[in-house]
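Undergrad: Pasting a predicted model and its sequence here:
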Amino acid sequence: MSDGNGKLPISVFLITKDCGRWLEQVLEPLADFAEIVVLDSGSRDDTLAIAERHGATIHHQDFLGFGAQKQAALELCSQPWALNLDGDEVVDGTLHKAIARLVREDDPTVIGARVRIRDWFVGVPASKAARPIRRVRLFRRDRGRFLARETVHESVQLDTGEGRVVDLPGWIEHFGVESVALRVEKINRYSSYRAEQDLARGKGPSALKLFTVFPLRFLKSYLLRRACLSGRRGLIQSVANAYYAFLIEAKKFESREIHRQNVGEGKMRAEGADDQRRHDANKGEQ
């Protein structure tokens, strides 16, 4: 299955902001895909120039939150299949071949595919022996959508029906956490998004989780997901993952406390106003 130009009938869609550091590597392997859609939220580097050079269709949208932004990008796509990538994610050769094979075969029972994602850190990828993260990134365009309420850690929601999701070989190489400074910056920003998202869904802070989330998340990452096989890089990444989870709980606690203090101050001001009115009334009666 291919379009009239012999290209794969896939719309690759990306939401971007200042992704010039990696975008050339991201778009180079996608030349045989029929459509590249870039939805940018205000890049000030060479992101748009690189996207234009690779024939991308470029649109602008102020950032709506990750779920809503990706849904907006998806709605700009026109091909039967959609592939979601971030502006710092590169499809390797094995995965590219698997995607091409799946789309050409066009099995009507297959509506999506999970792919493995591997982080690079300080110039080196995580060990392939570690347990990888798998996400649905390729899917039939009319069977997937993103939810606006997912302001961070968004994932495509598939209308599976009679269809099935398959696993593909190969990797998406993720370069966006290549330094400690960048990792810390993302941890701070994303934990704020996640805390706000949880509170909006009624998931308040938990004293128990505040105490336990750091060690449990560290052990999950370092041992269960086998980050320990990546040496010191795996140790640093596991501590960062645990710190991220801890910050979510800490920021939910902070938000709840600020709300309580504001309510208390408002109540005190109201009581003070009532006392003043009573004082003025009593003075007027004298």
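TA: Alright, I've got the coordinates. On a predicted model such as this, the values are computed, not experimentally measured, just so you know.
Undergrad: what kind of secondary structure is the residue positioned nearest the centre of the chain in?
TA: A centroid search over the chain (CA atoms, centre = their mean) returns His153, at 3.9 Å, as the residue closest to the centre. Recorded secondary structure, His153: coil (DSSP: H, G, I helix; E, B strand; the rest coil).
Undergrad: Pretty sure it sits against Arg194.
TA: Yes. Between His153 and Arg194 there is a contact at 6.8 Å, judged by CB atoms under 8 Å. Every residue, glycine included, has its C-beta placed from N, CA and C.
Undergrad: Where does the prediction get shaky in this protein?
TA: The model of the chain has pLDDT under 70 over residues 1-4, 264-286.
Undergrad: and Glu24, what does it touch?
TA: Neighbouring residues of Glu24 by CB atoms under 8 Å, 6 or more residues apart in numbering: Ile50.
Undergrad: For His54, see how far away it is.
TA: Going from Glu24 to His54 by CB to CB, to the nearest Å gives 8 Å.
Undergrad: Ok, Leu219 next?
TA: Computed as CB to CB, the Leu219 to His54 distance reads 42 Å.
Undergrad: what does Leu210 give?
TA: Relative to His54, Leu210 is positioned 46 Å away (CB to CB).
Undergrad: and if you look at Tyr190?
TA: For Tyr190, the distance to His54 (CB to CB) stands at 28 Å.
Undergrad: next one: Val90
TA: Val90 is 13 Å from His54, by CB to CB.
Undergrad: go on, Val166?
TA: Taking CB to CB, one finds Val166 at 28 Å from His54.
Undergrad: repeat for Arg225
TA: 34 Å.
Undergrad: Which one of the two is surrounded by more residues?
TA: Using other CB atoms under 10 Å as the criterion, Arg225 and His54 rank with Arg225 on top: 19 against 15.
Undergrad: now the strands: where do they sit in the protein?
TA: Listed in chain order, the strands of the chain (DSSP state E) span 8-16, 33-40, 57-60, 81-84, 89-91, 110-121, 124-125, 133-140, 144-145, 157-158, 164-174.
Undergrad: list the helices and strands the second one packs on?
TA: Right, the one you point to is strand 33-40. strand 8-16, helix 47-53, strand 57-60, helix 66-74 (3 or more CB pairs under 8 Å, 6 or more residues apart in numbering; DSSP states H and E).
Undergrad: same thing with the fifth one?
TA: Contacting strand 89-91 under the criterion 3+ CB pairs under 8 Å, 6+ apart are the following elements: helix 20-27, strand 164-174.
Undergrad: so who does the closest residue to Ala250 other than its chain neighbours touch?
TA: What sits nearest to Ala250 in space, not counting adjacent residues and going by CB to CB, 6 or more residues apart in numbering, is Leu210, at 6.9 Å. Contact analysis of Leu210 by CB under 8 Å, 6+ apart lists Phe246, Glu249, Ala250, Phe253.
Undergrad: Could you measure from Val180 over to Lys251?
TA: 21 Å.
Undergrad: Comparing those two, which residue is more hemmed in?
TA: Using other CB under 10 Å as the criterion, Val180 and Lys251 rank with Lys251 on top: 20 against 12.
Undergrad: Could you pull up the contacting residues of the nearest residue to that one once chain neighbours are set aside?
TA: In space, and not counting its chain neighbours, Lys251 is closest to Ala195: 3.8 Å by CB to CB, 6+ apart. Residues in contact with Ala195 (CB under 8 Å, 6+ apart) are Leu247, Ile248, Lys251, Lys252, Ser255.
Undergrad: The last one and Gln197 touch, don't they?
TA: No. With contact taken as CB under 8 Å, Ser255 and Gln197 are classed as non-touching, separated by 11.7 Å.
Undergrad: who has more neighbours, those two?
TA: When Ser255 and Gln197 are compared on other CB under 10 Å, the one with more neighbours turns out to be Gln197, at 20 against 17.
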